[in-house]
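Participant: Structure for this input, please:
(chains A and B)
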Amino acid sequence: MELPEQRPRPPPSSRHSPTYRALLAAGPRLRPLKQVHARLVVSGLYRSRPLLTKLLTFAGDAGPSAASYARLLFNAVTDPDAFLFNSLIRVSSKSGLSAEALLFYRRMWMAGLPRSNYTFTSVIKACADLSALRVGRVVHSHLLVDGFDSDCYVQTALVALYGKSGDIFVARKIFDRIPSPSLVAWNTMISVYEQNGLTQEAIRVFHMMKDVKVEPDSATLVSLLSACCHVGDLHLGKWVRNYVADRGLDLNVILGTSLINMYARCGQVHKAREVFDELPNRNVIAWTAMISGYGMHGHGDQAMELFRQMRRCGLVPNDVTFVAILSACAHSGLVSEGQEVFECMKLDYGLVPREEHYVCMVDMLGRAGFLDEALQFIHNSVPGVPGPAVWTAMLGACKMHRDFDLGVKVAEQLLAVDPENPGHYVLLSNIYALAGRMGRVESVRDIMIHRGLKKQIGYSSVEVDNAAHVFHMGDTSHPQTMAIYHFLEQLIRKMREVGYAPEIDSVMHELEEEEREFALRFHSEKLAIAFGIMSTRDGALIRVVKNLRMCDDCHTAIKFMSVVASREISVRDKHRFHHFKDGLCSCQDFW
DNA sequence: ATAGGGTTAG
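Facilitator: Residues are numbered from 1 along each chain as shown, chains lettered A, B, ... in the order given. The predicted model follows:
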């Protein structure tokens, strides 16, 4: 009987020399590579450029620690050629050593070696990772001189470079010049829009891509899901979910994590959990996403349970995981649990708390009403000068528990630490108003006008007829504007009849007195909800996503809306979900 | 015989 030949890997092409075959068999694994390296040196083949280049690229792909080994290989060569430089530049930028990649590009140029499209893709990627637009433009001019501007790989890299540096118009211009963009080029353009906050444009480009029959892959879908998160487009999110299932696409951990995040941020935390349970491979990031999802919905106990389970499974939580779990504790009033977690972070995992962790702790103590403890924590436990985020959390607690005198002191601290942020002036002004110090309100307003500081622009989006509709404060751009305002007026009248009284104090201070109530009535979330109620069938859930934190008045008003319109209304603000039903909010007013 | 572009968690 003939025995099958025992071979661990398929045989590399027999045209290759034994040494080259050994190299291919080693692959991007450090130990086998070093063995082949030794063999090269012993057999005197070390001067072979192709062998050396292949060795170097494999070394570069062999994990983060291998980059220095690749460097070592390169430095042993006295007269490196263009191929070897290209490999080294690529390896450097891939391992996050972008600045070194640029230095090697310079050395290559000084050595008088010819640059190719291969050179440029790697160098441009290095520039993109550094957001080094000025250097990037110089490199761009080099490639124009050398005539590589119609190479599709180079064009795609340029789109990413300009996109990452924030110059989306140039990115789009380059993209539009690509005759028939590849899947990767489409993905790059979509992600550029998404990363720059132009969600609607990202979705539009995705539809253009579908129109020209380019099949999306998992990278496309990951960007698309991120877009769904931004505007709360659950319909599109579900479409992605079905697309993955119908095509039998591999539910890899990145795509799976994006789906978990999408469901959680679109208000369907149980669906997020379903995806989480289905995921074949779960890493720390997937666990963190799920924990954070529970936290956002005020399910601190479930977040804690998952955190414990994660540790039992032997996974190592990282600093981001701790932000998620601490924030979950803060939003659910789990003070002693949170304090334990904070200690565990330092003792069991040797992590050094960052500002965000301190913010969570202050937030947690403050929300729960332990204002003195929170202040003490700032003074005793936060190292160095506490940053603006710490004071903002403290200020939120002062407002929530109506200690306006302390609030004023905290807000003044906040402004002292970061005098450039317009949002901080608004906070200071609001707390002065709440403390009844109207003279101060006026002077803060004058300072803002004098220094030309503007508030961040708020928006809310609501899903109607399977599409996200975006509203700004006092928005009149919607085709049904008149009807929406009329409907909202009527709604507010009914709300007043059952006891709603607008809280004028919540209005941004820079408006004139008579404008205040008007502005309050037309905050973007109120417009979005009015449009949602008038455009959907009785009893349908209204889902709104807002980019900023809701104001006090809106929070109260929406409770009344849920009563007079008999609707459940879910609002995701900057920090968490608010689920309004029968005049109550799921956050139990702890927000 | 040698080298390519895009994607994830607060």
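
Participant: Contacts only, for the closest residue to DNA strand B within the stretch 151-300 of chain A.
Facilitator: Among the residues of the stretch 151-300 of chain A, residue A:219 lies closest to DNA strand B, at 2.8 Å counting by Cβ to the nearest atom of the strand. Every residue, glycine included, has its C-beta placed from N, CA and C. Contact analysis of residue A:219 by Cβ atoms under 8 Å, 6 or more residues apart in numbering lists A:184, A:187, A:191.

Participant: All the helices of the stretch 101-250 of chain A, in order from the start?
Facilitator: A:117-130, A:133-146, A:152-164, A:168-176, A:183-195, A:199-211, A:218-231, A:234-246 (DSSP state H, counting those that start in this stretch).

Participant: okay if I get those as TSV plus mean pLDDT?
Facilitator: Output for the helices of the stretch 101-250 of chain A, formatted as TSV (pLDDT from 0 to 100):
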stretch	mean pLDDT
helix A:117-130	95
helix A:133-146	94
helix A:152-164	95
helix A:168-176	94
helix A:183-195	95
helix A:199-211	93
helix A:218-231	93
helix A:234-246	93
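
Participant: can you put the ones you listed in CSV and add distance to residue A:359?
Facilitator: Shown next, in CSV, are those (distance: least, Cβ to Cβ, whole Å):
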stretch, distance to residue A:359
helix A:117-130, 28
helix A:133-146, 31
helix A:152-164, 27
helix A:168-176, 31
helix A:183-195, 24
helix A:199-211, 27
helix A:218-231, 22
helix A:234-246, 29
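
Participant: which stretch among those helices comes nearest residue A:489?
Facilitator: Closest approach to residue A:489 among these is made by helix A:218-231 (26.3 Å; Cβ to Cβ).

Participant: residues contacting the closest residue to DNA strand B within the stretch 351-500 of chain A?
Facilitator: Residue of the stretch 351-500 of chain A nearest DNA strand B, by Cβ to the nearest atom of the strand: residue A:356 (4.0 Å). By Cβ under 8 Å, 6+ apart, the contact list for residue A:356 reads A:323, A:389.

Participant: On the three-state scheme, it is what?
Facilitator: Put simply, residue A:356 is helix when judged by DSSP: H, G, I helix; E, B strand; the rest coil.

Participant: what helix or strand is the nearest residue to residue A:95 once chain neighbours are set aside on?
Facilitator: Nearest non-adjacent residue to residue A:95, counting by Cβ to Cβ, 6 or more residues apart in numbering: residue A:67, 3.8 Å away. Here residue A:67 sits within helix A:66-75, counting by DSSP states H and E.

Participant: got a list of contacts for that helix?
Facilitator: By Cβ under 8 Å, 6+ apart, helix A:66-75 touches A:30, A:34, A:37, A:52, A:55-56, A:59-60, A:62, A:80, A:84, A:88, A:91-92, A:95, A:97.

Participant: did I read that right, residue A:54 in a strand?
Facilitator: No: using three-state DSSP, the assignment for residue A:54 is helix, not a strand.

Participant: rewinding a little: quick one: the residue nearest to residue A:95 from DNA strand B, how far?
Facilitator: 13 Å (Cβ to the nearest atom of the strand, to the nearest Å).

Participant: Using the record's domain definitions, break chain A down for me.
Facilitator: A:180-281, A:366-455, A:461-585 (automatic domain parsing).

Participant: Distance to residue A:335 added to these, as JSON lines?
Facilitator: Shown next, in JSON lines, are the domains of chain A (distance: least, Cβ to Cβ, whole Å):
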{"stretch": "domain A:180-281", "distance to residue A:335": "23"}
{"stretch": "domain A:366-455", "distance to residue A:335": "5"}
{"stretch": "domain A:461-585", "distance to residue A:335": "17"}
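
Participant: low pLDDT regions in the stretch 451-591 of chain A?
Facilitator: Along the stretch 451-591 of chain A, the parts satisfying pLDDT under 70 run over A:504-521, A:590-591.

Participant: Write out the residues of it neighbouring DNA strand B.
Facilitator: Taking Cβ under 7 Å from any atom of the strand, no part of the stretch 451-591 of chain A reaches DNA strand B.

Participant: Report the closest residue of the stretch 451-591 of chain A relative to DNA strand B.
Facilitator: Closest residue of the stretch 451-591 of chain A to DNA strand B, Cβ to the nearest atom of the strand: residue A:575 (8.4 Å).

Participant: thought that residue was touching residue A:549?
Facilitator: Yes: using Cβ atoms under 8 Å, residue A:575 makes contact with residue A:549 at a distance of 6.3 Å.

Participant: circling back: let me know which of the domains of chain A is the nearest to residue A:130.
Facilitator: domain A:180-281 (15.5 Å).

Participant: my read: residue A:227 touches residue A:204, true?
Facilitator: No: in terms of Cβ under 8 Å, residue A:227 does not count as a neighbour of residue A:204; the distance is 10.2 Å.

Participant: okay, those two: which has more neighbours?
Facilitator: Counted by other Cβ atoms under 10 Å, residue A:227 and residue A:204 do not tie: residue A:227 has more neighbours, with 26 against 13.

Participant: for residue A:526, what are its contacts?
Facilitator: A:488, A:554, A:557-558.

Participant: Can you tell me which of the residues you listed has the most neighbours?
Facilitator: residue A:557 (27 neighbours).
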